[in-house]
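Student: Prediction below, plus the sequence it came from.
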Amino acid sequence: MMTLLLLFIPLVSAIIVYLAGQKLASKVALSLAVVELVLSGVALSVYLKEGPEPFYIFHDWIASPKISFHLALDGLSLLLVLLTNLLTPIIILSAFRRLIPNAKSYFALILMMQFALVGVFMAMDGLLYYIFWELALIPIYFIALRWGGPNRVPITLKFFIYTLAGSLLMLFGFIMLYWYNPQQSFDIRELYELAISGSNQSWLFWMFFLAFAIKIPIVPFHTWQADTYREAPTQGTMLLSGIMLKMGLYSLLRWLLPVLPLGVAQWGPLAITLCVVGIVYASIIAIKQNNIKNLLAYSSLAHVGLISAGIFAMNLHGFQGSVVQMLAHGINVVGLFYCADIIFNRTNTLSIDGLGGIRNLAPKFTTMFMVILLGSVALPLTNGFIGEFLLLYGVYQYNVWLCVFAGLTIILGAVYMLRMFKKVMLGNVGSGVQSFPDLHWNEFLALGIIVVLVIVMGLYPKPVLDIAEPALQLILEKSIVQ
Amino acid sequence: MTQNVLNDPTLLFLGLLIPLFPLLGFLVNGLLGKFLPKASAGWIGSGVVLASFLCVLCIFNAVSAQDVIRIDVFDWIVFSGIDISFGFSIDPLTVIMMLVVTGVGFLIHLYSIGYMHDDDGFGRFFTYLNLFIFFMLLLVMGSNYLMMFIGWEGVGLCSYLLIGFWFKKDAYNDAAQKAFVMNRIGDLGFLIAMFFLLFQFGTLDFAAIEKLVPGITSHQGLITTIALLLFIGAIGKSAQLPLYTWLPDAMAGPTPVSALIHAATMVTAGIYMIVRSNVLFAMSSVALQVILAIGVVTSVFAAIIGLKQNDIKKVLAYSTVSQLGLMFVALGLGAFTSGIFHLVTHAFFKALLFLGAGSVIHALHGEQDIRNMGGLKKLIPITYITFLLASLAISGFPLLSGFFSKDEILAHAFQQNILIWIILSISSLLTAFYMFRLVYLTFHNSFRGTDETKHHIHESPWTMTVPLVILCALSVVGGVLGLPAVFHAQHWLAGYLSNVTAGSLPYLHHPEHLSHSLEIILMSIAGAGAILMILFARHQYVTKKQLPPSDVSLTGFEKLVANKFYVDELYERFISQPVFKLSDAFGGFVDKQIVDRLVNGVGTLVDMSGKTLRLFQTGSTGFYVFAMVLGMIVLFIIRLLI
Amino acid sequence: MGTVEHIIPLNWYIVLASFLFCIGVMGVLFRKNGIIILMCIEIMLNAVNILLVAFSAYSGNSDGQVFVFFIMVVAAAEVAVGLALLMSIYRNIGSTNIDVLNKLKW
């Protein structure tokens, strides 16, 4: 029951928001998103008391091909559902006091997105999962297409087609899995037990990996990212970078490693190399970006590269690091994009060269920006540090040299982030900054929540680690070839 | 080496209070600062550090050389194979460091009340300063490497914030960023060293590792790797070659910051870290030799650069680099206690020198170039006397604190390698010379600035002079912490720290002790050398009234030295610029022209084939029927053939 | 039924049907008049019908003949629709020449 509520409240909310009309849309959306957040809090407490059993749902849905309505909530799913439901209200809150045409559709689409994302994280049947996966693409497509920047049309189309092409490969992969499954079903428990020959797994690996690599994205499948992040409206960018790319990372853990252990054994080294090369590549590109959103996009690329590397390192430390960092990155990147939006809202530019000296005018904003930025460069006692520490340790166990190379992100991250901060916030007031009112209440609240999360998670990550551990342990057991 | 774990709840509570006080100060000043009167920030900031200092004194009273206090606050990262707790451990080494951090820290806070009085960011300054003390205390109190790393990076952050304290100036911001990034290079080494340790031992706890390390004696390569990686971290933090260039630039920060962070405490973190891991380092002779080599080279190199600097703070900065090099030499020789001894005395006199310099700058309203000073000794007598005594101490004038601590290191060098002793002696002579060049140019002869400035020169307020006097007293008598055996005294510090360094004794090479007469001869040579150099400087700058020429007129080696051997330019040219070019190349060319082209190429391919293939749709029914029949015939033929 | 003597060999039916089918194909390919094309299609269908009936008779299984009825019904319906379309085309453009109908392209 709890599970169904968690899943369907966003859908119902979306409809209510659409019906509520333009004026009320944002407030209704926020309150409904908070309801969902409270419910996920309840779910968390139930989980802590009784474990994953109460959340298990299994119904037959389509007889042939056998697709079942199979939802479950283990630690991994729970954390990502929590992240989604935590970020959605913040994202909605960030849209307050902004002029948004046709607000009811906008907020309804954001809630639709939440519905699909929660579905992705809870679905335990391959095809059901695939349906949610594709469903998530639809709202973001419309959000980016209708509320985006001046170049939105070609860029959104490219994003849509690119990810869709990847998903199509995944669908094909699922059909092949169905074929190989003697039980003839998409059920994840059966998929985990399949014995598929190495050569077939090798093909299947690429089908799934490409789909996820495009979504995450892993270099060299990333070229849609910076453009889309720049052109999409801020809330769209937050959804994309904060939650949607976690779909790809989550899926690596849930649907790729344990299902195709032989394929991973064969291609994992290549994948982890790609990830690590991508970290350094993206970090270096980020140094000279002149658009804040572009810079954040490349920094995000570097971060998710490290997360994927930690996953492909195939050990519990890397896995744990990836989960912590997924949450941390989601929170930080939403905060950073919000800061970019606040700057754009006041100055109408995102060009780093044209800005400067904002710290003179908006000290509160500067402090919050700084804390979130420090989380992003993984300073100890912020959430980013725990994640990166565990991830790099995971990669270290895989290969020392890869770890050293990946560790360059610690240095380069400081370079590009501080360089941006220096040019935008410090120095004398830049030509592009006319007036810069400090934070409004909704901005203060949204950033304040993020800042608190950055520090609390960095100071006491144990609950996250404890919740994730059993699920990851299971995944690890299935992923390692005996 | 029996250890005695103290479990007295009062002590545990006191220990916990030590870092909490500055944190409280940080929170109060940072969050509530704007509701309080402006002046209160300074008193709150100083008060909390004083409170910490008092707690440290209580603990110092209770902790004898054999005692350890362990405070485990909570489990931090604990799961399969990792066991890292968020906890503190207080042993004699920590107590010494805490005394320096909170003691010198308090004096510098007090001083800042006067120094920063007119600054707009008064409250912000104390907020950062308190945060720094908090992180520095975490660094020295942490019970494991990761806790140390928190403090390690945290002080780096504070250093960044405080160097760029006057954030309107781009040059200051650049200096701040440079410091942070260069520290991060070292931090990566530290981080990877932790991975090695964690992988090997499953814990990062100091005590546990100290017990476990002897178990891997046979893996010399591994031990050396770990030690060298840790040392990379120390190089970054303690500004040794080749990562020292951030420290002179860091002088952009307010002078109390230079005194606290870039002289007395943060930069000595590298020394502390190595002494903390002394067993590990002692087991790897290769690592010790590397430390020794880098320390020796840095010590001389920085001293040479110091000869030709004309900014009062830059001279002191290079002197700091040089003195830190000397401490590393001590560590490289295996004389861990001597390193700490010099760390402590250096904290006294170098903080005093910086504060004195600050007092001069304060009196001259921001003037830092010694060519525009002179004749200040009458105008600001307290500053002059304290500065002079500190300079005597750092130069190794007999019986002052620096004399004893430096002499101890020199004696160790003499025992093990006479060549190193010679190089270090040269470095000390250079130190004596450039310090007194500074003293004479600043305080003697007549004033070289404008009359306008001269008219305004005044001695600093008591909040600034009291710390000067106290630090001066410490600089003079600090030597009693480690009086050598020649004076028929106990080396108190060595006794106090004996338990900390006991684990490394079996792995170190122990040359015969110097005979007392030889030791006295060495001391006399060092003392006489220092006095000679001081007299030489006096001859040059007081008797002959030489003035450093302007930078443009220099030639040859002098020009090279005045431009700091062009190291910054080399880094800029061969590291920064290539990275920027690479960034342009990756972002502009590889990403847009190759990777994205490939992606778009797939799209274009589909587009093109669509454009071509649609031409088959002629609209003529006859053609369609013909194509259909042709298709059937082809299929039929294929069927027949197969 | 299976034991009935067949005076005319099966091959002859096949040859006949093939000829008829080819005539139909040629007609569809080369004539331009819509009505004739429609009739040629009918010829092809009938060629198939002949084959079906013949095979059915020779194999002693009546399934084929049942199919023939289906085809005849479908063909009748198709002719009805087809002729109606042609009528309407003729009314609109005054011709049943299919080469004129080439607007639906690219």
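Tutor: Now that the structure is in, tell me what you want to look at.
Student: Buried residues in stretch A:342-351, which are they?
Tutor: Buried residues in stretch A:342-351, defined by neighbour count with 16 or more other C-beta atoms under 10 Å in any protein chain shown: A:342-343, A:345-347, A:349-350. Any C-beta I mention is one placed from the backbone N, CA and C, and that applies to glycine too.
Student: max-length helix in chain C?
Tutor: Ranked by number of residues, the top helix in chain C under DSSP state H is helix C:63-93.
Student: from the chain's centre, how far out does that helix sit?
Tutor: The gap between the average C-alpha position of helix C:63-93 and the chain average comes to 10 Å, counting by C-alpha atoms, centre = their mean, to the nearest Å.
Student: For it, which helices and strands make contact with it?
Tutor: Counting contacts by 3 or more C-beta pairs under 8 Å, 6 or more residues apart in numbering or on different chains; DSSP states H and E, helix C:63-93 packs against helix C:34-59.
Student: tell me which residues in the helix it packs on are buried?
Tutor: In terms of neighbour count (16+ other C-beta under 10 Å), helix C:34-59 has its buried residues at C:34, C:37-57.
Student: same question, stretch B:553-568
Tutor: In stretch B:553-568, counting by 16+ other C-beta under 10 Å, buried: B:554, B:561-562, B:564, B:568.
Student: Pull the most distant pair out of the buried residues of stretch A:342-351.
Tutor: A:Ile342 and A:Thr349 (12.7 Å; C-beta to C-beta).
Student: ok, now which ones touch the closest residue to chain A within the stretch 1-150 of chain B?
Tutor: Using C-beta to the nearest C-beta, the single residue of the stretch 1-150 of chain B nearest to chain A is B:Ile150, 3.9 Å away. The contact partners of B:Ile150, taken as C-beta atoms under 8 Å, 6 or more residues apart in numbering or on different chains, are A:380-381, B:135, B:138-139, B:142.
Student: Quick one: name the residues of chain C near chain B.
Tutor: Counting by C-beta under 8 Å from any C-beta of the partner chain, chain C comes close to chain B at C:25, C:28-29, C:32, C:98-99, C:101-106.
Student: rewinding a little: mean confidence (pLDDT) on the longest helix of chain C, please.
Tutor: Along helix C:63-93, the predicted confidence averages to a pLDDT of 91.
Student: so B:Gln177 makes contact with B:Leu161?
Tutor: No. Counting by C-beta atoms under 8 Å, no contact exists between B:Gln177 and B:Leu161, whose distance comes to 11.4 Å.
Student: what about B:Gly105, which helix or strand?
Tutor: helix B:92-115 (DSSP states H and E).
Student: So which other helices or strands are in contact with that helix?
Tutor: In terms of contacts (3+ C-beta pairs under 8 Å, 6+ apart), helix B:92-115 is packed against helix B:40-62, helix B:122-141, helix B:255-259, helix B:269-276, helix B:336-363, helix B:462-477, helix B:492-496, helix B:498-501.
Student: Same question for residue 29, what's its three-state structure.
Tutor: No chain was given, so I picked chain A. Of the three states, A:Ala29 takes helix according to DSSP: H, G, I helix; E, B strand; the rest coil.
Student: wrong one, I was asking about chain C
Tutor: Three-state secondary structure (criterion: three-state DSSP) places C:Leu29 in helix.
Student: Quickly note the distance from it to chain A.
Tutor: Summarising the geometry, the distance separating C:Leu29 from chain A, computed by C-beta to the nearest C-beta, to the nearest Å, is 39 Å.
Student: Pull out the buried members of the residues of chain C next to chain B.
Tutor: Once neighbours are counted (16+ other C-beta under 10 Å), the buried part of the residues of chain C next to chain B comes down to C:25, C:28, C:98.
Student: Now tabulate these in TSV and tack on distance to B:Ser427.
Tutor: Listed next are those as TSV, based on distance: C-beta to C-beta, whole Å:
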residue	distance to B:Ser427
C:Val25	105
C:Val28	104
C:Ile98	103
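Student: Just give me the closest of the residues you listed to chain B.
Tutor: In terms of C-beta to the nearest C-beta, no member of these lies closer to chain B than C:Ile98, at 4.5 Å.
Student: residue contacts, residue 329?
Tutor: Chain wasn't specified; assuming chain A. A:His329 makes contact with A:300, A:303-304, A:307, A:384, A:387, according to C-beta under 8 Å, 6+ apart.
Student: looking at chain B here, not the other one
Tutor: B:Val329 touches B:292, B:295-296, B:299, B:409, B:413, B:420, B:424, counting by C-beta under 8 Å, 6+ apart.
Student: Let me have the helices and strands packed on helix B:92-115 in CSV, extended by mean neighbour count, distance to chain A and mean pLDDT.
Tutor: As requested, the helices and strands packed on helix B:92-115 are exported to CSV (neighbours: other C-beta atoms under 10 Å in any protein chain shown; distance: least, C-beta to the nearest C-beta, whole Å; pLDDT from 0 to 100):
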stretch, mean neighbour count, distance to chain A, mean pLDDT
helix B:40-62, 21, 15, 89
helix B:122-141, 27, 9, 91
helix B:255-259, 29, 17, 89
helix B:269-276, 25, 14, 92
helix B:336-363, 28, 23, 89
helix B:462-477, 21, 26, 86
helix B:492-496, 18, 30, 82
helix B:498-501, 21, 25, 83
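Student: quick one, which of these is nearest to B:Lys169?
Tutor: Checking the helices and strands packed on helix B:92-115 against B:Lys169 by C-beta to C-beta gives helix B:255-259 as the closest, at 14.6 Å.
Student: Which single residue in chain C comes nearest to chain B?
Tutor: Closest point on chain C to chain B, by C-beta to the nearest C-beta, is C:Lys105, at 2.9 Å.
Student: how about that residue, secondary structure?
Tutor: Following three-state DSSP, we place C:Lys105 in the coil state.
Student: which ones are touching the closest residue to it other than its chain neighbours?
Tutor: Across the structure, with C-beta to C-beta, 6 or more residues apart in numbering or on different chains as the measure, the residue nearest C:Lys105 apart from its sequence neighbours is B:Gly619 (2.9 Å). Residues in contact with B:Gly619, defined by C-beta under 8 Å, 6+ apart, are C:101-106.
Student: Now do the helices in the stretch 151-300 of chain A.
Tutor: With DSSP state H, counting those that start in this stretch, the ranges of helices along the stretch 151-300 of chain A come out as A:152-180, A:188-193, A:198-215, A:223-231, A:234-238, A:245-251, A:261-287, A:292-312.
Student: you'd agree B:Asp311 is up against B:Asn372?
Tutor: No. With contact defined as C-beta under 8 Å, B:Asp311 and B:Asn372 do not form a contacting pair (10.8 Å).
Student: pLDDT wise, what is the nearest residue to A:Gly21 once chain neighbours are set aside at?
Tutor: Setting aside the residues directly before and after it, A:Gly21 is nearest to A:Lys104 in space (C-beta to C-beta, 6+ apart), at 6.1 Å. Each residue has a pLDDT score; the one for A:Lys104 is 91.
Student: what does B:Val599 give?
Tutor: Per-residue confidence (pLDDT) for B:Val599: 87.
Student: And the one 4 residues further on, by the same measure?
Tutor: Per-residue confidence (pLDDT) for B:Gly603: 87.
Student: Tell me if the helix or strand where it lies is near chain C.
Tutor: Using DSSP H and E, B:Gly603 falls within helix B:596-613. No. Contact of helix B:596-613 with chain C is not found when judged by C-beta under 8 Å from any C-beta; the minimum separation is 9.8 Å.
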